[in-house]
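S.K.: sequence and computational prediction follow.
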Amino acid sequence: KNESMNKAILGFLFIVLSFKVLQAQTVLIGVGSGVNLILLENGGQFGLPLYLSFSTSLNKNLELEFRPGISGSEYYKGIEFGSYLKIFLWEELFYLSLGIKFHKNEEYSTTSIHVRDELYILPSIGIGSRTKVDKTLVTFELLYQKPFPNGLTYLKVGDQYIYKEDFHGLVS
């Protein structure tokens, strides 16, 4: 009987402490955009991402953010979803961002260019700054994302497909 009483007390404490932790969290919802620089073997392309942002504070120095959205450029376009951990280094002004993004690229073909229909995994690292303007939080962020697989285009020679390794990264 003492064992079941101890379990009940521990369960109650867990629920009460969890409620207080959840109560202390901050949830932010927003819309974001920017410019992507797609780093290719023979230069680069600019693209435009548009995403929703859902973030929650885990504690004073950590924030978890989810970003569903779309991105568009000539070779790199499709839907995407990113998840990022922001580590605030100096109060709430500067942070380090670590994360991963999944991008489902749309196939595109001309007579000479074939763009891959591929799911890309892009581990990310970056820095950012956030400030309040009036009652709105404004964020500036610089991310480097390394794609896996590392090719956006392919060649078709006869019945063979030759996948190029021409996608070196994404800076946004």
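M.R.: Yep, that arrived. Numbering: from 1, shown residues only.

S.K.: can you give me the strands in the chain?
M.R.: Assigned by DSSP state E, the chain shows strands spanning 27-33, 36-40, 43-57, 62-72, 78-90, 94-105, 108-109, 114-115, 119-133, 136-145, 153-157, 160-163, 167-171.

S.K.: got CSV for those strands, with mean pLDDT too?
M.R.: Written out in CSV, the entries for the strands of the chain read as follows (pLDDT from 0 to 100):
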stretch, mean pLDDT
strand 27-33, 85
strand 36-40, 91
strand 43-57, 91
strand 62-72, 93
strand 78-90, 92
strand 94-105, 94
strand 108-109, 82
strand 114-115, 86
strand 119-133, 91
strand 136-145, 89
strand 153-157, 80
strand 160-163, 77
strand 167-171, 91
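
S.K.: for those strands, could you give me TSV that also reports mean neighbour count?
M.R.: C-beta here means a position set from N, CA and C on the backbone, and glycine is covered the same way. Formatted as TSV, the strands of the chain follow (neighbours: other C-beta atoms under 10 Å):
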stretch	mean neighbour count
strand 27-33	11
strand 36-40	19
strand 43-57	15
strand 62-72	17
strand 78-90	16
strand 94-105	18
strand 108-109	14
strand 114-115	19
strand 119-133	15
strand 136-145	15
strand 153-157	14
strand 160-163	11
strand 167-171	19
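
S.K.: the nearest residue to residue 57 once chain neighbours are set aside: how many residues sit nearby?
M.R.: Distances taken as C-beta to C-beta, 6 or more residues apart in numbering put residue 26 closest to residue 57, at 4.3 Å, once the chain neighbours are dropped. Using other C-beta atoms under 10 Å, residue 26 has 9 other residues around it.

S.K.: any idea how far residue 26 is from residue 92?
M.R.: Distance, residue 26 to residue 92, using C-beta to C-beta, to the nearest Å: 10 Å.

S.K.: okay but residue 171 is in contact with residue 34, surely?
M.R.: No: with contact defined as C-beta atoms under 8 Å, residue 171 does not reach residue 34; the gap is 10.3 Å.
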